[in-house]
Structure formats: C-alpha cells, structure tokens
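**Q** for reference, the sequence and a predicted model appear below.
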Amino acid sequence: NLKFNVKEGETVEEKNVLATNSDPRLLSQLSQAMAAQIRAEVNYNQVLNSPSEASLASLEAALANAEVRLEQTEWNLPSQKQLVAAQADVESASLNLEELKKGSSEEEIAAALADLKAAQHSVEAMNQSLEITAPYNGAVVEILANPGESVPAYQPVITFADLSEFQVLTTDLREVDVSK
C-alpha cells in the first residue's frame, strides 16, 4: 500500500513527503481519530459556552412547572407530605437553574480542553503514520520496498542520507594518492 513520491538518487528538502501509505486499516483509524476530534471540539465549545439557551429554557420551564404544581397542591388542601414534596420540587428546580447559570467550572473547561488536545494529537499521529517525510535535506540512497506493497511496522522502506558532507576513514591511503 506504499506509494513512493521520489526515486533513488533524488535529492529532497526537509519535510518533503517521500512516500505515503494507503493501508485501509490506517485510513479507518484516521477517520475514527478525526471523528473523535470533532466530538471533542463540539464538547469543548459546549462546555466553554455553557449554559446553552436550550438548557436554560428547559430548566426555566421545569421551575415554572414545579411552581404551578406547588400552587395547585396548596389549593387542594394537601397533606403535609404532599406540600413538602411540592416545595422540594420547586427548591430542586430552582437550585438546578442557579447551578446551570453559573456555567462550566474551570475544571470542566480544562478537562474538555485536555480531551480536545488529546484528540488533535491522535489525528496528528495518524497523519504521520500515513506519510514518510524527509527528516532533513538529503538524498534518497535506496528504496527498500516495492510500490503498493504492504510493509510491517518499523521495517525500513527508504535509506536516506545527507551526502553534502562526509568523511572517509582509511588506513591505506596516502596524501599523495588522494589526487589520483
């Protein structure tokens, strides 16, 4: 599943894409990572912009309903138990609304941001696993795999080197023989 964008002997600049991997399993994992990133972005924005108008409207309606039920209960000559239950419903709805109006806590925002960053890093890692890039300016010395071939993880597929400077060590070359 490899596609090479270079040929042996070709010189390339740092970060140029040397080869790409179109393994369906990796592409599926990338899609899943991207979906997780989108979910994390949505969650972060919801936490950051909390409370939403819909949430406020829902809890305001719940409070209004609890107040109406309390009023109806009071008109019907309730038992002490019924009255306490209706008052507790109003108190609970009121507390829920006040809590929602406070918005998200710093901890909730930090957790949502951490989830978002983790999802972004996962997408970056998956993208990096699909591309082989030049780590520095250099030359493709040898291509060790065939195009379209599926290669196991960590198996070398390209020999890459900086040939602009190198040093030759020898024990049998004299200085006068260098120019020959």
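**A** Now that the structure is in, tell me what you want to look at.
**Q** now do the contacts for the most centrally placed residue in the chain.
**A** The centroid of the chain falls nearest to A119 when counting by CA atoms, centre = their mean (1.7 Å). Applying CB atoms under 8 Å, 6 or more residues apart in numbering to A119 gives the contacts 33, 36-37, 39-41. Using the backbone N, CA and C atoms, a C-beta is placed for each residue, glycine as well.
**Q** flag the shaky bits of this structure, pLDDT-wise.
**A** The model of the chain has pLDDT under 70 over residues 179-180.
**Q** in it, which spans are helices?
**A** 24-48, 53-75, 80-101, 106-130 (DSSP state H).
**Q** okay if I get those as CSV plus distance to V168?
**A** Shown next, in CSV, are those (distance: least, CB to CB, whole Å):
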stretch, distance to V168
helix 24-48, 41
helix 53-75, 73
helix 80-101, 74
helix 106-130, 35
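**Q** closest one to A153 among the ones you listed?
**A** helix 106-130 (8.8 Å; CB to CB).
**Q** buried set for that closest one?
**A** With burial defined by 16 or more other CB atoms under 10 Å, the residues of helix 106-130 counted as buried are 112, 115-116, 119, 122-123, 126, 130.
**Q** over to stretch 140-153?
**A** 140, 143, 151.
**Q** only alpha carbons, please: show that stretch as CSV.
**A** The C-alpha coordinates for stretch 140-153 follow below in CSV (Å, rounded to 0.1, in the frame of the first residue of the first chain):
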residue,chain,number,x,y,z
VAL,A,140,17.2,9.0,-1.3
VAL,A,141,20.0,6.4,-1.3
GLU,A,142,17.8,3.3,-1.7
ILE,A,143,14.2,2.3,-1.8
LEU,A,144,13.8,-0.9,0.1
ALA,A,145,10.1,-1.8,-0.7
ASN,A,146,8.0,-2.0,-3.8
PRO,A,147,5.2,0.4,-4.6
GLY,A,148,1.8,-1.0,-3.5
GLU,A,149,3.5,-3.4,-1.1
SER,A,150,2.2,-3.8,2.5
VAL,A,151,5.1,-3.3,4.9
PRO,A,152,5.1,-4.3,8.5
ALA,A,153,5.6,-1.6,11.1
